[in-house]
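Undergrad: just to be clear, the model below is a prediction. Sequence and coordinates:
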Amino acid sequence: MTPPQAPPHDPPQVPAQVPAQVPPQGGRLPGVAGPVLADAILRRQAQRESAARTYARSLPIVPVRARGLTIEGADGRRYLDCLSGAGTLALGHNHPVVLQAVRGVLDSGAPLHVLDLATPVKDAFTTELFANLPPELAADARVQFCGPAGTDAVEAALKLVRTATGRSGLLAFTGAYHGMTAGALDASGGAQDVRVTRLPYPQDHRCPFGVGGAEGAELGARWTENLLDDPKGGVPAPAGMILEPVQGEGGVIPAPDAWLRRMREITAARGIPLIADEVQTGVGRTGAFWGVDHAGVVPDVMVLSKAIGGSLPLAVIVYRAGLDVWTPGAHAGTFRGNQLAMAAGTATLAFVRENRLAERAAALGERMLTALRGLAAAHPCIADVRGRGLMIGVELVDPDTGTAAPALAEAVRQECLHRGLIVELGGRHNTVVRLLPPLTLTDEQAAAVLDRLADAIPAAARRTH
């Protein structure tokens, strides 16, 4: 199942820095430790690690080498990685520019731990980051380096707007995912008994108003306006609104551009800071450098992590200077000065910008979506294909009833792994197969990914029917 060929005006394809040929399905590699060692490592992991482990349960592999899209396991098999560290690996595994940047810091003798002190490495990262921000925000921005994970940056953003406004409430959206610490969980879709007002996020497949499209999005916006302005609505003026330009864990649901602009208008008119959670959508993933760029929206706060560290732990918030009312130490973290991550992040941001990888993601992603929609026409278990750029979701249902089919989705994930393709699940009932390949994905690799998924879906359907 090969995606349509690129039109002549597409930007040039960027090398993915992996072997020229795509590994065969289930192919084994010489010189790797072997299945016995892999099984022993997996057994010890199950005995020693927390029951909270997740990816290790659904992906029982032991990576020993990786490059670009490809992971080599200790069992001698090679896999195409369309999880990419949950979107962290914008350039894929071990990209040469990232390795060179990290080696440069290590070889220079620079300190690796500096708390929040100024360093040339940090200065270079901040300069490159600001060069890629929406210009209106970059002209009047401050950056706060947070703890190493995106969830800490979400916590910082919530703390910031609550401090700046003197208010405590929060507006968030159904289906949201913002992290696993307490405040971030409060703002996520499954939270209960918290100070968060939950608003409808527009979507076609499960539109809360039953209409979908532009009409459904407009109804959601009108509901938001009415709730905020109704003196009997039970929602006092909130400290902020937090949203994802594309809901990732929620099932790869892109926000319509017009709706996103309406959220900006609604919040600006009422003095409510708008927080864009770009942890997964940032750095070219959606076909623009930032997810909000599609709508031309400039938020008051941007939450950034994952790809900005070039595969290493790094998280920041960038926000309008007028919100910078914190006192020294109001938000801190011992590892907020990760020099290796800043160097890797600088290299990644620059490479994405210089090689126009956002445009590449937009063009290749659209061709992959077209191919997958063609696949959906032949398989009634595929209820929806959606996404933006190289952030793609395939929603699966029971073909007889149209209801959610988590067992089928799990079987698809297993069939993909059997064919040497790593995918993950998300969405309501865990029924959306998610593709997050690196932005360096080649046409040949995209075709291989689609072919393996096209094989896996009917095989899984036969297993579960």
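TA: Perfect, thanks for sending it. Fair warning: this is a prediction, and the values are worked out from it, not measured in the lab.
Undergrad: for this protein, just list every one of the helices.
TA: 35-48, 55-58, 84-87, 96-108, 120-132, 135-138, 150-165, 182-186, 213-229, 257-269, 339-354, 357-378, 406-418, 443-464 (DSSP state H).
Undergrad: where's the fifth one relative to the chain centroid, distance-wise?
TA: Spelled out, it's helix 120-132. 22 Å (Cα atoms, centre = their mean, to the nearest Å).
Undergrad: pull out the buried positions in that helix.
TA: Residues of helix 120-132 classed as buried: 121, 122, 124, 125, 126, 128, 129, 132 (neighbour count, 16 or more other Cβ atoms under 10 Å). Where C-beta positions appear, they are placed from N, C-alpha and C, glycine not excepted.
Undergrad: returning to that earlier point: nearest to residue 175 among the helices of the chain would be which one?
TA: Among the helices of the chain, the nearest to residue 175 by Cβ to Cβ is helix 213-229 (12.0 Å).
Undergrad: ok so, going back, with respect to residue 95, which of the buried residues of helix 120-132 is nearest?
TA: Closest to residue 95, out of all of the buried residues of helix 120-132 and judged by Cβ to Cβ, is residue 128, at 15.9 Å.
Undergrad: which ones are touching residue 456?
TA: Residues in contact with residue 456 (Cβ atoms under 8 Å, 6 or more residues apart in numbering) are 412, 415, 416, 418, 419, 421.
Undergrad: quick check: the gap between residue 35 and residue 72.
TA: 13 Å (Cβ to Cβ, to the nearest Å).
Undergrad: what's the answer for residue 140, then?
TA: 47 Å.
Undergrad: those two: who's more crowded?
TA: With neighbours defined as other Cβ atoms under 10 Å, residue 140 and residue 72 compare such that residue 72 has more, 22 against 10.
Undergrad: quick check: closest non-adjacent residue to the more buried one.
TA: The shortest distance from residue 72 to any residue other than its chain neighbours is 4.2 Å, reached at residue 65 (Cβ to Cβ, 6 or more residues apart in numbering).
Undergrad: near that neighbour, how many other residues are there?
TA: So residue 65, with other Cβ under 10 Å, has 15 neighbours.
Undergrad: right, and it touches residue 77 too?
TA: No - judged on Cβ atoms under 8 Å, residue 65 makes no contact with residue 77 at a distance of 11.7 Å.
Undergrad: averaged pLDDT, stretch 195-209. What do you get?
TA: Throughout stretch 195-209, pLDDT has a mean value of 85.
Undergrad: surely residue 350 is in contact with residue 125?
TA: No - using Cβ under 8 Å, residue 350 makes no contact with residue 125, being 10.1 Å away.
Undergrad: what sits against residue 35?
TA: Residue 35 neighbours (Cβ under 8 Å, 6+ apart): 74, 75, 76.
Undergrad: could you rerun that using 10 Å?
TA: Shown in contact with residue 35 (Cβ atoms under 10 Å, 6 or more residues apart in numbering): 28, 62, 73, 74, 75, 76, 77.
Undergrad: which residue is nearest the middle of this structure?
TA: Residue closest to the average C-alpha location in the chain (Cα atoms, centre = their mean): residue 280, at 2.3 Å.
Undergrad: my guess is that one contacts residue 245. True?
TA: Yes - assessed by Cβ atoms under 10 Å, residue 280 is found in contact with residue 245 at 9.4 Å.
Undergrad: between those two, which contacts overlap?
TA: Joint contacts of residue 280 and residue 245 (Cβ under 10 Å, 6+ apart) are 286, 291, 391.
Undergrad: how far away is the residue nearest to residue 72 from residue 233?
TA: 56 Å.
Undergrad: what's the answer for residue 207, then?
TA: Taking Cβ to Cβ, one finds residue 207 at 22 Å from residue 233.
Undergrad: ok, those two, which is more surrounded?
TA: residue 207 (18 against 11).
Undergrad: right, and residue 120 touches residue 108 too?
TA: Yes - using Cβ under 10 Å, residue 120 is in contact with residue 108, at 9.3 Å.
Undergrad: which neighbours do those two have in common?
TA: Among the neighbours of residue 120, those also in contact with residue 108 (Cβ under 10 Å, 6+ apart) are 339, 343.
Undergrad: report the mean per-residue pLDDT for stretch 250-266.
TA: 96.
Undergrad: start to end distance for that stretch?
TA: For stretch 250-266, the first and last residues are 23 Å from each other (Cα to Cα, to the nearest Å).
Undergrad: okay if I get the buried residues of helix 120-132 as CSV plus distance to residue 212?
TA: Shown next, in CSV, are those (distance: Cβ to Cβ, whole Å):
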residue, distance to residue 212
121, 47
122, 45
124, 45
125, 41
126, 42
128, 39
129, 36
132, 33
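Undergrad: and those residues as CSV, adding distance to residue 49 and pLDDT?
TA: CSV is the format used below for the buried residues of helix 120-132 (distance: Cβ to Cβ, whole Å; pLDDT from 0 to 100):
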residue, distance to residue 49, pLDDT
121, 33, 97
122, 33, 97
124, 37, 98
125, 32, 98
126, 36, 98
128, 36, 98
129, 34, 98
132, 37, 98
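Undergrad: having no further points to raise, I will conclude here.
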